[in-house]
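Novice: Structure for this input, please:
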Amino acid sequence: MTGLTHLDETGRARMVDVSAKPTTRREAKASAVLTCQRATVDAVVAGRTPKGAVISTAELAGVMAAKRTADLIPLCHPLPLAKAEVTVRAAPDLPGFHIAASVVTTGPTGVEMEALTAATVAGLTVYDMLKAIDRDMVMGAVRVDSKVGGASGDWQREGESGDE
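Specialist: Down below sits the predicted model:
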């Protein structure tokens, strides 16, 4: 592991200078899991929730969040995104929802934070839309699953296919 690049020589936080880095294609995938009661998943699948279309709203919220990541995380670079895709999949056997985000850019730095933000905000949106019927929901397992591009090369979480 290398030194902490977000700190200057005096230990103060700073935005990393990426101006000398080459512009390359970067991709990151992240995921999250939201667990809830089985009846909650059934209500979403049947379209019987008080706030409407939970899955499509959460997916859109995740895409919007990816585009605003630099506004939320102080030292994150604003990046032009070529792709931001979020899928929320009902998982009755869990019970809950699997959330996956994929973000692509062509730039000097990666999009891991954008993918994590997309997955997290999608999960928070599911929670917000369902809290009236299920206060026991838990969101967790927020993680980067893979990244492509950059000086450190490609990386994939062990045991993952990358196709979730």
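
Novice: Next secondary structure element downstream of the longest helix belonging to the chain?
Specialist: The residue-count maximum for a helix in the chain (DSSP state H) belongs to helix 112-130. Per DSSP states H and E, the first helix or strand lying C-terminal to helix 112-130 is strand 138-148.

Novice: Which other helices and strands does that next one contact?
Specialist: strand 24-35, helix 112-130, strand 155-156 (3 or more CB pairs under 8 Å, 6 or more residues apart in numbering; DSSP states H and E). For glycine as for every other residue, the C-beta is placed from the backbone atoms N, C-alpha and C.

Novice: Roughly how far does the residue nearest to Phe97 when sequence neighbours are not counted sit from Pro78?
Specialist: In this structure, Phe97 finds its nearest non-sequential neighbour in Leu34, 4.7 Å apart by CB to CB, 6 or more residues apart in numbering. Counting by CB to CB, to the nearest Å, the separation of Leu34 from Pro78 is 28 Å.

Novice: Please apply the same query to Val63.
Specialist: In this view, Val63 and Pro78 are 16 Å apart by CB to CB.

Novice: The two: which has the busier surroundings?
Specialist: Neighbours were tallied for Val63 and for Pro78 using other CB atoms under 10 Å; the higher tally belongs to Val63 (18 against 11).

Novice: Please confirm that that one is located within a strand.
Specialist: No: counting by DSSP: H, G, I helix; E, B strand; the rest coil, Val63 is located in no strand; its state is helix.

Novice: circling back to that earlier point, which pLDDT value does the model give the residue nearest to Phe97?
Specialist: pLDDT, Leu34: 98.

Novice: Quick check: it touching Asp136?
Specialist: No: counting by CB atoms under 8 Å, Leu34 does not reach Asp136; the two are 11.2 Å apart.
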